[in-house]
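1. Provide a 3D model corresponding to the input given below.
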Amino acid sequence: MLQCIFLLSDSGEVMLEKQLTGHRVDRSICAWYWDHAISQGDQLQPVIASPTHYLFQIVREGITFLACSQVEMPPLMGIEFLCRAADVLADYLGGLNEDVIKDNFVIVYELLDEMIDNGFPLTTEPNILREMIAAPNIVSKMLSVVTGNSSNVNETLPAATALCVPWRTTDPKYANNEVYVDLVEEMDAVINRDGTLVKCEIYGEVQVNSHLSGLPDLTLSFANPSILDDVRFHPCVRYRPWESHQILSFVPPDGQFRLMSYRVKKLKSIPLYLKPQLTSDAGTCRLSLLVGMRNDPGKTVDSIDVQFQLPPCISTADLSSNCGTVNILSNKTCSWSIGRIPKDKSPSLSGTLVLESGLQRLHVFPTFQLGFRIMGIALSGLQIDKLDLKNLPHRPYKGFRALTRAGHYEVRA
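-> Okay, here's the model as predicted:
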């Protein structure tokens, strides 16, 4: 049971406080948390035991969602609720930042009132919340100023709350029935300085955009579901068909949603290579980078970029490339934007790094982050077999797409 929720800015200011039970949580817990977060740095855990409370925290776009409890409870429930609250607020407000939260205090409080009751999650489906609470717009703001009524809550309860599928809008109707399924994957890889692949895995999501009339029943199957690990499902998925036959059977929410997420581990191939070379002597360091195709995926690889942090001991840097643009920011972050690899040459970057006075050789080497995007293919090898639809009066249009992009793609020097 959660007792209080705080929203903190990136400076530690309490922007919003929502007490959930009769036991009031003092704001001094936020000061303790902020001091603890600064001392822990990147090692901060999502669940923290303070002297007086258990704390659950996530950070989205610089906004910290902090929940407190004094009783034993499943920690994943607290984290999952904060993630769902952040997603709903971002969807309602068109993004998350300090100004948006402060401009829409009433909406935020009304949403939290409906999403959690006496410390327990209640209504968290965006479709039902949109029927209960109107999204902010200029017209509603003008009416609230003129009438003095700032409430956006509907007086009648949505009919979907009484259905067995509360995630779906009540009896939607479309002239054109269509459903789109996207495989969106991120590749995480670690490559040693000698080019050896240390680790490679993919985190993927099956995203669905559904515009179907009535109450359709969908069945999605894969050609090779055995490669999937750590699967997570939207509440609409019936677990028994997946457990027995690895088939996704569900009644979809209306609009766009994440049907499932998964991991594919221990992959053996990567699409791109990055070869760094650093030699230092007499107070200077010579840097050379070479980027090229390692395994052709059969689709165009674009949005290629390389980023790395120059060591603190570097005073100046002079870098140039034969392809793309090179930028060095004030915080010593170097960004090399390549785009696509030309057919007639391999992109390369070279230059000289000047060390601070008194240093002869470079002892701290940078780590390179490689980014890319590949449309039309899932590098995990996951393939959609078929999508069957029932309870529809007309034959709908079905569309499928795939996208793979770099996640944490690290090359060590």
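2. Provide a list of residues in contact with the closest residue to Val165 other than its chain neighbours.
-> Sequence neighbours aside, Val251 is the residue nearest to Val165 in space, at 5.0 Å (criterion: CB to CB, 6 or more residues apart in numbering). Bear in mind the C-beta positions are built from the backbone N, C-alpha and C, glycine included. Residues in contact with Val251 (CB atoms under 8 Å, 6 or more residues apart in numbering) are 165, 168, 215-218, 236.
3. Give me the most central residue, this structure.
-> With distances taken as CA atoms, centre = their mean, the residue of the chain nearest its centroid is Arg60 (9.3 Å).
4. OK, contacts around that residue?
-> Counting by CB under 8 Å, 6+ apart, Arg60 touches 86, 90, 96.
5. Closest one to Ser226 out of the residues you listed, please.
-> Ser226 lies nearest to Ala86 out of the contacts of Arg60, by CB to CB, at 33.3 Å.
6. mind checking the SS state of the closest one?
-> Judged by DSSP: H, G, I helix; E, B strand; the rest coil, the three-state class of Ala86 is helix.
7. Distance check, Ser320 against Leu287.
-> Ser320 sits at a distance of 11 Å from Leu287 (criterion: CB to CB, to the nearest Å).
8. Residues in contact with both of these two, list them for me.
-> The overlap between the contact sets of Ser320 and Leu287 (CB under 8 Å, 6+ apart) consists of 349-351.
9. what's the burial count for Asp26?
-> Counted by other CB atoms under 10 Å, the residues lying close to Asp26 total 11.
10. For Phe65, which non-adjacent residue is closest in space?
-> The shortest distance from Phe65 to any non-neighbouring residue, by CB to CB, 6+ apart, is to Leu82 (4.4 Å).
11. my bad, should have said Val198
-> Val190 (4.3 Å).
12. Which of Ser320 and Leu287 has more residues huddled nearby?
-> Leu287 (24 against 9).
13. Just the helices from the protein, written as ranges.
-> Using DSSP state H, the helices of the chain run over 28-40, 75-93, 98-103, 105-115, 126-132, 138-147, 239-245.
14. hang on, the earlier thing: OK, contacts around the residue nearest to Val198?
-> Counting by CB under 8 Å, 6+ apart, the residues that Val190 touches are 197-200, 410, 412.
15. who's it bridged to?
-> Lys199, Glu410 (DSSP bridges).
16. mind checking how far it is from Thr196?
-> Relative to Thr196, Val190 is positioned 10 Å away (CB to CB).
17. same deal with Gln3?
-> Distance, Gln3 to Thr196, by CB to CB: 50 Å.
18. higher neighbour count, the two?
-> Counted by other CB under 10 Å, Gln3 and Thr196 do not tie: Gln3 has more neighbours, with 20 against 9.
19. Kindly confirm whether my reading is correct that that one touches Cys68.
-> Yes. Assessed by CB atoms under 8 Å, Gln3 is found in contact with Cys68 at 5.4 Å.
20. Mutual contacts of these two, please.
-> 25, 53.
21. give the contact list for the nearest residue to Arg238 once chain neighbours are set aside.
-> Spatial nearest neighbour of Arg238, excluding adjacent residues (CB to CB, 6+ apart): Ser249 at 4.6 Å. With contact set as CB under 8 Å, 6+ apart, Ser249 has these partners: 217-219, 237-238, 241-242.
22. Could you check the pLDDT of Ser249?
-> If you check Ser249, the pLDDT there is 95.
23. repeat for Thr161
-> Per-residue pLDDT puts Thr161 at 51.
24. Please indicate which of the shared contacts of Ser320 and Leu287 are buried?
-> Using 16 or more other CB atoms under 10 Å as the burial test, these include 349, 351 as buried.
25. Next, check the shared contacts of Ser320 and Leu287 against the strands and list the overlap.
-> Mapping those onto strands (DSSP state E) picks out 349-351.
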